[in-house]
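Let me see the structure of the following:
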Amino acid sequence: MTLQRKKTQWRPRLVLCWFLLWNCLQPDSRHQALAINLQRFTGCAVREFTFLAKKPGCRGLHITTDACWGRCETWEKPVLDPPYTESYQRVCTYNKTRLVTVKLPGCERNIDPTYTYPVALRCDCGVCLTSTTECLTSV
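Numbering: from 1, shown residues only. Next up, the predicted model:
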């Protein structure tokens, strides 16, 4: 295969890469529409989340991880029999996770510096389980 033919085969790939890169960096209306659609998103997805991990006797540590985020279908309707409502309530919750352990900085000598937190691998709309999620049970 000649050198000229090798260059010719790479040219379409290079043009495609440059086009995709250029397109991703443009602040056009398609990218703005994506942000607006996120506000109307119904469902459950994995999303990056930053929080401050704290423990008594240690300094805090900012951690960026993946967590579940979203809005799930929820409804209530009146019925004639007690409790007089039929409800369907789902929350965005963890379906599959892995645990990560880090060491918190500046812990006192008698304090265990390890801190374990879940990383979301898959999220779904489901029943709120108090074992993995803070559930609001009464108003």
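
where does T93 land in three-state SS?
Using DSSP: H, G, I helix; E, B strand; the rest coil, the secondary structure recorded for T93 is strand.

so it makes contact with W69?
No - assessed by Cβ atoms under 8 Å, T93 is found out of contact with W69, at 10.7 Å. Heads up, the C-betas are built off the backbone N, CA and C, glycines and all.

how far away is E134 from G43?
As defined by Cβ to Cβ, to the nearest Å, E134 lies at a distance of 20 Å from G43.

before we move on, back to that, compare T93 and W69 and say which one has the larger neighbour count.
For T93 and W69, the more surrounded residue by other Cβ atoms under 10 Å is T93, and the numbers stand at 20 against 17.

so what's the more buried one bridging to?
T93 has these beta-bridge partners by DSSP bridges: D124.

show me what contacts it?
Counting by Cβ atoms under 8 Å, 6 or more residues apart in numbering, T93 touches C44, C68, C123, D124, C125, G126, C128, L129, T132, T133.

do that again at 6 Å, thanks
C68, G126, T133 (Cβ atoms under 6 Å, 6 or more residues apart in numbering).

Also R98?
Taking Cβ under 6 Å, 6+ apart as the definition of contact, the neighbours of R98 are V119.

Quickly find the element holding it.
Assigned by DSSP states H and E, R98 falls within strand 91-103.

got it, and V46?
With DSSP H and E as the criterion, the answer for V46 is strand 43-53.

buried sites along whatever helix or strand comes next after that strand?
On the C-terminal side of strand 43-53, the closest following helix or strand by DSSP H and E is strand 61-71. Buried residues in strand 61-71, defined by neighbour count with 16 or more other Cβ atoms under 10 Å: L61, I63, D66, A67, C68, W69, G70.

Any figure for the gap between the fourth one and P118?
Read it as A67. Applying Cβ to Cβ, one obtains 8 Å for the distance of A67 from P118.

Over to the second one?
Using Cβ to Cβ, one gets 11 Å for the distance from I63 to P118.
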